[in-house]
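Trainee: Fold the following and give me the result.
(4 chains)
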Protein chains: 4
Amino acid sequence: MTKEIIDVQNQRDHRNIEIDKVGIKHIRYPITVLDKVKGKQRTVASIDMYVNLPRQYKGTHMSRFIEVLSEYCDEISLRSLRTILEEMNRRLNAKSAHLKLTFPYFIEKKAPVTNTASLLEYQCSFNGSLDDRGLDIIVELGVPIATLCPCSKEISEVGAHNQRGEVRVAIRFKKFLWIEDLIRMIESSASAEVFSLLKRNDEKFLTEIAYKNPMFVEDVVREVAQKLNQDKNIIWFTVGAETYESIHNHNAYAFIERWK
Amino acid sequence: MTKEIIDVQNQRDHRNIEIDKVGIKHIRYPITVLDKVKGKQRTVASIDMYVNLPRQYKGTHMSRFIEVLSEYCDEISLRSLRTILEEMNRRLNAKSAHLKLTFPYFIEKKAPVTNTASLLEYQCSFNGSLDDRGLDIIVELGVPIATLCPCSKEISEVGAHNQRGEVRVAIRFKKFLWIEDLIRMIESSASAEVFSLLKRNDEKFLTEIAYKNPMFVEDVVREVAQKLNQDKNIIWFTVGAETYESIHNHNAYAFIERWK
Amino acid sequence: MTKEIIDVQNQRDHRNIEIDKVGIKHIRYPITVLDKVKGKQRTVASIDMYVNLPRQYKGTHMSRFIEVLSEYCDEISLRSLRTILEEMNRRLNAKSAHLKLTFPYFIEKKAPVTNTASLLEYQCSFNGSLDDRGLDIIVELGVPIATLCPCSKEISEVGAHNQRGEVRVAIRFKKFLWIEDLIRMIESSASAEVFSLLKRNDEKFLTEIAYKNPMFVEDVVREVAQKLNQDKNIIWFTVGAETYESIHNHNAYAFIERWK
Amino acid sequence: MTKEIIDVQNQRDHRNIEIDKVGIKHIRYPITVLDKVKGKQRTVASIDMYVNLPRQYKGTHMSRFIEVLSEYCDEISLRSLRTILEEMNRRLNAKSAHLKLTFPYFIEKKAPVTNTASLLEYQCSFNGSLDDRGLDIIVELGVPIATLCPCSKEISEVGAHNQRGEVRVAIRFKKFLWIEDLIRMIESSASAEVFSLLKRNDEKFLTEIAYKNPMFVEDVVREVAQKLNQDKNIIWFTVGAETYESIHNHNAYAFIERWK
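Mentor: Here you go, the predicted model:
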């Protein structure tokens, strides 16, 4: 005799506690995102999807998150986030929905002297929430950069310690923007940019430009903050710079957050 | 001729932007923390230390963070955090200081039937800030647990899928508390506890107790939230439960945050 | 006056020590691989590329690795590995070349009862070497599975602890094979398979099938080893099974290696 | 009525396949290791423990690994490895035992000019196996270093790109050695050492010494290999150098392996 199947999730919960977020975490899925140059870019995302759960229900329906994800994974963009969040709320009978996608994004860069092309990887995440107060979207970017220490340059007879680092910028904004433009702005705010492919003349150029342009992590976050302050499309931002100090086994870090 | 050494960090910055946090990130250092049973416990922490930097200064003095850390690494506790933060502000001429220590913490547990003893690892972090509004301390714990799915139990003729998971609880509180007590409370809020060393009779006991006590991630966060709600010493908390579903390659997750 | 540019890498080294492998590590790049069903699959790989360096040369030419990668990243397959390795040896004047690509690979799976489709992620790596002894290719796969403990089932009145795990298989083989077939074989060698999307009837089916099919990590590696032993196309293999025990905070592990 | 408890692990397996390694993986436990200066050092290890399993047995006894670990965790050293492996074989009725401990190890270093003391973290692992061919021990160390690019220095008017890196050395040896001595040798084989705490004069010293001592990853592994070749106590080694290039978002890598 087969048991009659009971919908346990829809049973009543008596603890009287609303759950802020419930859903799936760390699922990885192939997605297609907008690409300013090529139109589309295929990548692989780590994804979290949550909704609220009212106090009276025992559980949510986890499979419906994957159904929504499967339907929309080929059209992920800052423009489609609202639609996906609405669909999550509709399918799961919820009032607030949260979707976070974190993915590597590749842009073709040209080496500064020889113009040789190669792809560089950036960390990108789209973090959207939709509830009765409306839609809230945060875009976050991780951009590799290089810094050369102003103090080391000043005090040393020759050379100056320099290192790779990462700038992480998160923003809230008014209208659609291309992450390519934001990345470009961040890359121009350090001692030097980094590239996947450099010929000897490019390496010479970058070594010298970094030496001429020494910056602390403090300088990097101030440079980026100044530009984000001036951009009227940005309404909130955080900027963090972390550098893998070549004289230490730990990192230097600076951070600024602003509502405008 | 040796260059005269200039203090670059103390030079004037003209961008007029205060930096919220600047310092060192991801340094690892041996520390000694309080242990309710043994008095002291030696462990290894990942540490972030930051202060603010007023708009007029170009840079902070990174070496002073390590000086403070070296002095206090043998007496880390919820009680000494204020002293360390004050010392950071004093040495770095700052108005706000931030210190985060994340470390594995081990507690001896006895197996439920045979009473065999072994150590279990918990993730612990102390996160303190001190500024003109006062001292703010957050304690965060990661506690491994097991859940057995109520839906799977209900619909299946035999068995029920179950899995390891982790509960993460962060709290703000009024007066000193032992993390051991908080861990104990969290472990008792799942389908079953986990142990490093179990003999056959213990395994039988845990298998059966989990089966008798099926819980969704939703149930786990509600159980913990209910207990934290009742504890008058807790003034704010978050609780998240993440389970490594044995039928999926992704995790289930639920989350509650409350100010009281 | 500009310095004349000297080729430092081609200078003579006097320590008289040949270097086994020199090149680039952990570069991430978008690649296109063969897909048995869809023809092609776009994904993102972590890549290591090395060649040998004879005793007399001071350094290799790092930029040439990226040049080769850029040319071949859209046609990665077990068939093209030889060509890429030959090109590495040619461009870098080397006698041995090593290329390792590690990437997530997605296959559409149908839920066992409702046939609902969703994508599941597998870890895949191609590891090729070419020197005067010829071409050596190792394919490695990481496949998520579930196990249910035979001991726990035997000793308990009800239920049995079960958990997610991962089987890692590495093989050397005679002629081209599809990783889809290897994955299928591995998935059928555990207590149950895992899926991204399951409806209630699928969950019931998997819970019951796992209960009827209890397996230790020892059983899983023996099952897989038995099948790999019987496959005449496989000339060497390793198989490891690691399960995230739901009663412990550590993993169970078993491993077999065989030359045939 | 309670079931009679059957020893499932001791049941007969009919697939006729010996298992090379079976046991526990990724358990974390506090350990005490030898310290050349202080006598003892407390740290936290990630531990794998395996034995072989003859073809006729269905399963091993996982709890016994933890019993052995609990007994010996306070006396881990290159000298005690044999005893622990013998005990594993004895308790688990096995013929071959494998134990791998990976842990952070801290050494006090003095800054090169000011002599200011601070602790630096090194990655250490002890990997022991005992079977009828005898005892085999591999010690592996991960040592942070800095390199300055000879090519960048040569071609640039000013400066030279430099970066943090890590040298990983694994050795087999004849008689007991101190890891402190091995670390010292590795640190002296790069463009410069790294430190946790540096005052301004130390930073000047390190910047200049790195500039005077440019090294590729190729140079680093050759320097280390040359010293290991000369050390009669070492019978086998591998040395790898990986540097977090400050002009790229990927790493440079070189590797040498030698039997002597």
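Trainee: Once you drop chain neighbours, what's closest to the closest residue to chain D within the stretch 51-200 of chain A?
Mentor: Closest residue of the stretch 51-200 of chain A to chain D, Cβ to the nearest Cβ: A:G159 (3.4 Å). Yep, even glycine has a C-beta here, placed from its N, CA and C like the rest. Distances taken as Cβ to Cβ, 6 or more residues apart in numbering or on different chains place D:Y211 nearest to A:G159, at 3.4 Å, with adjacent residues excluded.
Trainee: what helix or strand is the one you found on?
Mentor: Element membership of D:Y211 [criterion: DSSP states H and E] is helix D:200-212.
Trainee: Endpoint to endpoint, stretch A:195-206 covers what distance?
Mentor: 10 Å (Cα to Cα, to the nearest Å).
Trainee: That one: how far from the chain's middle?
Mentor: Centroid separation between stretch A:195-206 and its chain, computed with Cα atoms, centre = their mean, to the nearest Å, is 27 Å.
Trainee: Check whether it comes near chain C.
Mentor: Yes. On the criterion Cβ under 8 Å from any Cβ of the partner chain, stretch A:195-206 is in touch with chain C at A:S196, A:L197, A:L198, A:K199, A:R200, A:N201, A:K204.
Trainee: which other residues reach that stretch?
Mentor: The contact list for stretch A:195-206 (Cβ atoms under 8 Å, 6 or more residues apart in numbering or on different chains) reads A:109, A:111-114, A:116-120, A:146, A:192-193, C:5, C:7, C:27, C:29, C:63, C:66-67, C:70, D:149, D:151-152, D:155-156, D:161, D:247-250.
Trainee: In it, which of the residues would be classed as buried?
Mentor: Using 16 or more other Cβ atoms under 10 Å in any protein chain shown as the test for burial, stretch A:195-206 gives A:F195, A:S196, A:L197, A:L198, A:K199, A:R200, A:D202, A:E203, A:K204, A:F205, A:L206.
Trainee: among the residues you listed, which two are most distant?
Mentor: A:S196 and A:K204 (17.5 Å; Cβ to Cβ).
Trainee: wait, is A:N16 part of a helix?
Mentor: No. Read with DSSP: H, G, I helix; E, B strand; the rest coil, A:N16 is coil and lies in no helix.
Trainee: wait, it sits on A:R55?
Mentor: Yes. The pair A:N16 and A:R55 qualifies as a contact (Cβ atoms under 8 Å) at a distance of 5.1 Å.
Trainee: So for these two, which sits in the more crowded spot?
Mentor: A:R55 (13 against 9; other Cβ atoms under 10 Å in any protein chain shown).
Trainee: Now the more buried one: closest residue in space, sequence neighbours ignored.
Mentor: Excluding its sequence neighbours, the residue lying closest to A:R55 (Cβ to Cβ, 6+ apart) is A:E18, at 4.7 Å.
Trainee: ok, now A:T116?
Mentor: Nearest to A:T116 is A:L197, by Cβ to Cβ, 6+ apart, at 5.4 Å.
Trainee: Can you tell me the SS state at that neighbour?
Mentor: Applying three-state DSSP to A:L197 yields a three-state assignment of coil.
Trainee: Same question for A:A225.
Mentor: helix.
Trainee: Get me the contact residues on chain A for chain D.
Mentor: A:120-121, A:144, A:146, A:148-149, A:151-152, A:155-164, A:192, A:194-196, A:198, A:200-201, A:203-204, A:206-208, A:210-212, A:244-250.
Trainee: what pairs with A:A117 across the strands?
Mentor: A:A117 forms beta bridges with A:K110, as assigned by DSSP bridges.
Trainee: In contact with it, which residues?
Mentor: Applying Cβ under 8 Å, 6+ apart, we find A:A117 in contact with A:E108, A:K109, A:K110, A:A111, A:L197, C:S70.
Trainee: Swap in 10 Å and give it another go.
Mentor: A:E108, A:K109, A:K110, A:A111, A:F195, A:S196, A:L197, C:S70 (Cβ atoms under 10 Å, 6 or more residues apart in numbering or on different chains).
Trainee: Against chain B, how distant is the fourth one?
Mentor: In this view, A:A111 and chain B are 30 Å apart by Cβ to the nearest Cβ, to the nearest Å.
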